[in-house]
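S.K.: Mind looking at a prediction? Sequence and model below.
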Amino acid sequence: MPGDSGLPLIGHSLEALRLGLDFGLKRYETYGPVSWMRAFGVNIVAAAGGDATQVVLTNKDKTFSQQGWTYFIGPFFRRGLMLLDFDEHMFHRRLMQQAFTRPRITGYLEHVASVAADGVSRWETGTFPVYPAMKQLTLDIAGRVFMASALGSEKDALNKAFVATVRAGTSMVRFSVPGGRWNAGLQGRKVLEDFFSRNVPAKRASDSNDLFSGLCHARDDNGEAFSDEDVVSHMIFLMMAAHDTSTITTTAAMYYLGKHPEWQDRVRAECFAAGSLDVEALEGLRELELVIKESLRLVAPVPSLARKTVRETEILGHYVPANTMIALGPWVNQMLPEYWSEPDRFDPERFGEDRREDKAHRYAWMPFGGGAHKCIGMHFGMLEVKTLLHQMLTRYRWSVPSDYRVRWDSTALPAPADGLPITLERL
Ligand code: HEM
C-alpha cells in the first residue's frame, strides 16, 4: 500500500490537524484512494473517494468496527450509539429509532422554534463573531429539546460539564494532564452521568415531549426497553452528536449567504412565503435546503469517520491487517473534481433536480455518513438548521466583506478560526 510515516514520533499528526481538508486532498492526489500514514500515535489507513468509502461503509463481512472512534472519544462517550457494534448496535439503534418518529420530531421542533425565536430576536445588530453566538443558541436549544424542564438550577453546571466532554472528545490531542482538557472531559462525564441517573426515575414515571423522555419510553416490538445505564450513555452521546454538528452547519450556511447576497434574498423570499413553521412548511423550504446541502458539502461537520478492522481484509486490492485504524474522508469526497464541477464554488443549484451532481457516486455527498451507522438525527438536524436560518432570515440581513475568506480550524470538528465576524442589520 502506498503511504509514508511522516516525521519521527509525531508522524503526520500536526499536518493533519493544521491543514485538515487540504491534507486529505493532497494525500488523495499523491497516493490515490487508499494509503497509510502514522498519526496520533497509531498507523492509519486513509480510504477516500467513493469506491473505497463504499467498501468500508457497506461492511459486507462485518470487518470494520466502530472501535476506531473508541480510541478517540471512548473515555467520554462510551456506550453511545456510534460506539456500539454489529448486533448490539442494531438492537440499540432500532430502539432509539422510537425517539425519532415523526410525532416525536414534531414535538422537539416546537422546543427548537421557541428557543430559536427567543434567542435570535435578542441578537444585537452590528459586527460580531457569529460562531460563538450560534453555539450558545444551539446549546440552549439542546438543553430544551433533550431535557425540557429537567435542567432546573443545575443548568450552568451541566452546560459546563457538557462543553468539557465535547471539547475533550473532539480534541485530537489525547493526554491527561492536571487541569487539562482530558481531565476536564472525564470530570464532565461524571457530572452528566450523575445528573441523568438521578433524573431517569422521574422521566420514566411521566412522559413529556423531550428526547430524554423519548429514550426512557422507547420499546421495540418485543417490549424491550433501554436500561437506566443505557439511557444515560445515549443521552450523553446524543448531546454531543447533535450540538456541534448543527452549529457548524448553520454557521457555514450563514457564511455563504453572507457572501452571496443574491442567494440570501432568494431564500429569504422563500421563508416569508412559507408563513408558519410547522414540519410540513419546513420540509417545503426547497431553496433553503439546496443552500444547506451545499454548505454541508463545502464544510463537512464530521470531516472524517473512524473505523478499526477486526480481521485482516483488503480495500480496493490493498491488504489491510487486523486491528488497523481506518479514516474515511467525507470532506475529501465532497471536494473531488471527478464528482463536482468547480468544487470550490458555492453553487447550491448543483443539487437541483436537473443537475443532481450528488448522484455522481453514492458516497460523493455524505455529510451524514452512510451504512449501518448513518446519522439517526439527520432529518431532525436538517429541520433544526432550517428553523434557525428561517428565524435569522425573517428578522435580519447580514454580510461579510467581499474579500473575506473564512479559515476553518481543524483541530477538532471544523470551526471558524476567527469566530466568523458578520455584520447584522434588522430588516
Ligand atoms: C447537521 C447535523 C448533523 C451532521 C452533519 C451529523 C453527522 C453524522 C455522521 C457523519 C454520523 C456517522 C458517524 C459514523 O459513521 O461513524 C452521525 C451519526 C450519528 N448522529 Fe449525527 N449529525 C448531525 C446531527 C445529528 C443530530 C441532530 C442528532 C441527534 C439528535 C444526531 C445523532 C447521531 C447519532 C446517534 C449517530 C450514531 C448513529 C449510529 O451509530 O447508528 N446527529 N452523524
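M.R.: It's in.
S.K.: In contact with Phe76, which residues?
M.R.: Phe76 is in contact with 165, 168-169, 185-186, 188-189, 236, counting by CB atoms under 8 Å, 6 or more residues apart in numbering. (Glycine included, C-beta is placed from N, CA and C.)
S.K.: Show me these that map onto helices.
M.R.: Secondary structure from DSSP state H places 165, 168-169, 185-186, 188-189, 236 of those in helices.
S.K.: In this protein, which residue sits closest to the ligand?
M.R.: The chain approaches the ligand most closely through Gly377 (2.2 Å), counting by CB to the nearest ligand atom.
S.K.: Let me see the contact set for the closest residue to that residue other than its chain neighbours.
M.R.: With CB to CB, 6 or more residues apart in numbering as the criterion, Gly377 has its nearest non-adjacent residue at 5.7 Å, and that residue is Ala242. The neighbourhood of Ala242, defined by CB under 8 Å, 6+ apart, consists of 142, 145-146, 377, 380-381, 384.
S.K.: One more pass at 7 Å, please.
M.R.: Neighbouring residues of Ala242 by CB atoms under 7 Å, 6 or more residues apart in numbering: 142, 377, 381.
S.K.: again, but for Gly381
M.R.: When contacts are counted by CB under 7 Å, 6+ apart, Gly381 is found next to 242, 245-246, 375.
S.K.: Show the contacting residues for the residue positioned nearest the centre of the chain.
M.R.: Centroid-nearest residue in the chain, with CA atoms, centre = their mean: Thr245, separated by 3.2 Å. Contact partners of Thr245, counting by CB under 7 Å, 6+ apart, are 301-302, 381.
S.K.: give me that answer again for 6 Å
M.R.: With contacts defined as CB atoms under 6 Å, 6 or more residues apart in numbering, the neighbours of Thr245 are Pro301.
S.K.: wait, does the helix or strand hosting it contact the ligand?
M.R.: When secondary structure is defined using DSSP states H and E, the element that contains Thr245 is helix 228-259. Yes - using CB under 6 Å from any ligand atom, helix 228-259 reaches the ligand at 238, 241-242, 245-246, 249.
S.K.: Pull out the buried positions in that helix.
M.R.: 230-259 (16 or more other CB atoms under 10 Å).
S.K.: just to revisit the earlier point, just the buried ones from the contacts of Phe76?
M.R.: Among the contacts of Phe76, those classed as buried by 16+ other CB under 10 Å are 165, 168-169, 185, 188-189, 236.
S.K.: The nearest residue to Phe380 once chain neighbours are set aside: neighbour count?
M.R.: Distance criterion CB to CB, 6+ apart; nearest residue to Phe380, sequence neighbours excluded, is Ile105 at 5.0 Å. Using other CB atoms under 10 Å, Ile105 has 20 other residues around it.
S.K.: Looking at strand pairing, list the partners for the closest residue to Ser5 other than its chain neighbours.
M.R.: Leaving aside its sequence neighbours, Ser5 sits nearest to Arg38 (CB to CB, 6+ apart; 4.2 Å). Arg38 has these beta-bridge partners by DSSP bridges: Asn43.
S.K.: Can you get me a residue count around Arg38?
M.R.: Residues lying near Arg38 (other CB under 10 Å) number 19.
S.K.: Could you tell me how far it is located from Leu14?
M.R.: 12 Å (CB to CB, to the nearest Å).
S.K.: Check Phe23 too.
M.R.: Plainly put, Phe23 is 10 Å away from Leu14 if you go by CB to CB.
S.K.: between the two, which one's more packed in?
M.R.: For Phe23 and Leu14, the more surrounded residue by other CB under 10 Å is Phe23, and the numbers stand at 21 against 13.
S.K.: packing partners for the helix or strand of the chain with the lowest mean pLDDT?
M.R.: Of all helical and strand segments in the chain, the minimum by mean pLDDT, DSSP states H and E falls on helix 155-170, at a mean of 82. Judged by 3 or more CB pairs under 6 Å, 6 or more residues apart in numbering; DSSP states H and E, helix 155-170 is in contact with helix 67-77, helix 181-205.
S.K.: what about the stretch 51-200 of the chain, any weak spots by pLDDT?
M.R.: Counting by pLDDT under 70, the stretch 51-200 of the chain contains low-confidence ranges at 149-152, 170-174.
S.K.: Which positions in it make contact with the ligand?
M.R.: The stretch 51-200 of the chain has residues 81-82, 93 near the ligand, with proximity defined as CB under 6 Å from any ligand atom.
S.K.: just to revisit the earlier point, distance to Val130 for the ones in helices among the contacts of Phe76 - can I get that in TSV?
M.R.: TSV is the format used below for the ones in helices among the contacts of Phe76 (distance: CB to CB, whole Å):
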residue	distance to Val130
Thr165	24
Ala168	25
Gly169	24
Gly185	26
Leu186	31
Gly188	26
Arg189	30
Ile236	27
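S.K.: Nothing else from me, thank you.
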